[in-house]
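[1] sequence first, predicted model second:
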Amino acid sequence: MKCARLPIQDPLIKGYLFFAYPHSILANEAKTYPWILSNYIQTCFDKDYANSPVPFTFYTFDYTICPWLKHEKLYRSTVEKLSSDILSFVKNCINNKKYLYLYLDEYNVPNRKAYKKFSFIHENLVFGYDDGTSTFDILGFDEDSIFRATTISYKQFVSAFLDVERLIQLNDIHQQLHPNSLEVFNMLHIFEINPHAHYPFNPKLVIATLKDYLESNNTSDWFAMLREPWDRVYGLECYAYIINYYESLLKDEADYDVRYLHNLWEHKMLMTKRVEYMQENKFIDLSGEVIQKFKYIEDETFALRNNMIRYSITKDKNYIKRIISKLQEIYEMESFVIGMLIRSSENVI
C-alpha cells in the first residue's frame, strides 16, 4: 500500500481560500516571507457587495502568480484526455510533489457544511493520499468554519468531482455565481514549490503601493496593458463602504457576513508584520510609539471581528454600533500612521 503527503502549514492569509491555499504551501518556506510582505497591501471593495462573491479583500493582479510557486492550469476536459481516471491523476500529482487545487461538490465531502444536505461547488486543496485507507488529505473550511485538514474517501472524491460537471450540464447550480464561475469550476490548479526563485524584500514597491492605499488609487491601472482595470473602491476609501455595510446590517437591510472584518484584520496583521520587518531591517526609522499604533490597530480590528461573531450569537445590535464607531477611529489613526511611515521611508530608501 502506498501513501504520500505534502507539507502544509497554517497560512498568514485565509479569509478566502484562493489566498489560503497557495499560502498554506508558502508557509513551509521562510524565504517566501519577504515576497509576502512586499505584497498584500492594497485592498479593494466591490460596490455591488450584496451580489458579489468576493466583496472585500486584498487587491492582487492574479492570486496564482508568485515567484516561489510553479503554477499549471488545466481544464477538466484536458485532464480527461491526459489520464484514464481522476484518482490516478491526483496521486500522480502528489507523487510529483504537486498540490492540486480544484472544485468539488461538497454534498459528497465529509466535514463540510453542505455534506449530505445540499449541493455546493467549492474549492478544495488535495495534498496527500493513503492507499491503505483509500483516502485523500484535503484542506478547507470545515462544518464549523475552521480552516483545517480532513480526509475524503476515494469513492466520495470521485462522486464530488464528477457531480460538478453534472450540475453544470443540468444547469442545476443554486448558489451565488460570478460571470465566469462556470469556467472557474472547470479549472484545476496545480501548485509546486519553485526552489530556484529569488525575491528580496522590495521597499520601493511597498512605499508605492502604500501611497496608492493612502490615496485610494485604483492599483489595477498599473496592469492596464494586460487586463482592463477593475472598477472597485480601493485603499482607505474602503472604510466608508465597510461602514455602509454595517449601517445596512443595523437596519436589517444586509445579511450577516464576518468576512469584512476578518479580511480587514488580516490586512492589519500583515501591516504590523511589514512595519516591524522594515524597522528591523532599517528600511524605515519610526518611533516605538508609532509602531505600537500599528499593533493597536491590528488588535482593535481583531476585537471587532470577535464582536461580529458575538453578534451572530446574541443578535445584540449594540455590537454593530460599536463596530461602526470603532471603524471610524481606526480609519483616522491608520491614515495618520501610514502617512508617517511613507515620510519616514523617504529619509532611508
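    Cool, the structure landed.

[2] quick one: the helices in the stretch 1-150 of the chain?
    Along the stretch 1-150 of the chain, the segments classed as helices by DSSP state H, counting those that start in this stretch run 17-26, 33-38, 76-82, 86-95.

[3] the first one packs against which elements?
    Okay, so that is helix 17-26. Applying 3 or more CB pairs under 8 Å, 6 or more residues apart in numbering; DSSP states H and E, we find helix 17-26 packed against strand 69-75, strand 99-105, strand 121-130, strand 135-141, strand 187-193. For the C-beta atoms, the positions are set from N, CA and C on the backbone; glycine is no exception.

[4] where does pLDDT dip in the protein?
    1, 348-349 (pLDDT under 70).

[5] what's the domain layout of it?
    3-32+69-193, 203-345 (automatic domain parsing).

[6] which among these is found nearest to Phe45?
    Closest to Phe45 of these, according to CB to CB: domain 203-345, at 4.3 Å.

[7] just the helices of the stretch 1-150 of the chain: most buried one?
    Among those, ranked by average contacts under mean count of other CB atoms under 10 Å, first place goes to helix 17-26 (a mean of 22).

[8] now do the contacts for Met308.
    Contact analysis of Met308 by CB atoms under 8 Å, 6 or more residues apart in numbering lists Val258, Leu261, Tyr319, Ile323.

[9] assumed it was part of a helix.
    Yes: when classified by DSSP: H, G, I helix; E, B strand; the rest coil, Met308 is found to be part of a helix.

[10] next, work out how far apart it and Tyr213 are.
    Distance of Met308 to Tyr213, given as CB to CB, to the nearest Å: 23 Å.

[11] what does Cys238 give?
    As for Cys238, its distance to Tyr213 is 9 Å (criterion: CB to CB).

[12] overlap in contacts, the two.
    Thr43.

[13] nearest to Tyr129, of the helices of the stretch 1-150 of the chain?
    Short answer: helix 86-95, nearest of these by CB to CB, at 5.4 Å.

[14] what's the burial count for Ser153?
    For Ser153, the tally of surrounding residues (other CB atoms under 10 Å) stands at 14.

[15] tell me the bridge partners for it.
    Per DSSP bridges, the residues bridged to Ser153 are Thr135.

[16] hang on, it packs against Asp137?
    No: checked against CB atoms under 8 Å, the pair Ser153 and Asp137 is beyond contact range at 11.8 Å.

[17] that older thread, ranking the helices and strands packed on helix 17-26 by burial, who's on top?
    A comparison of the helices and strands packed on helix 17-26 by mean neighbour count, using mean count of other CB under 10 Å, puts strand 99-105 on top with a mean of 24.
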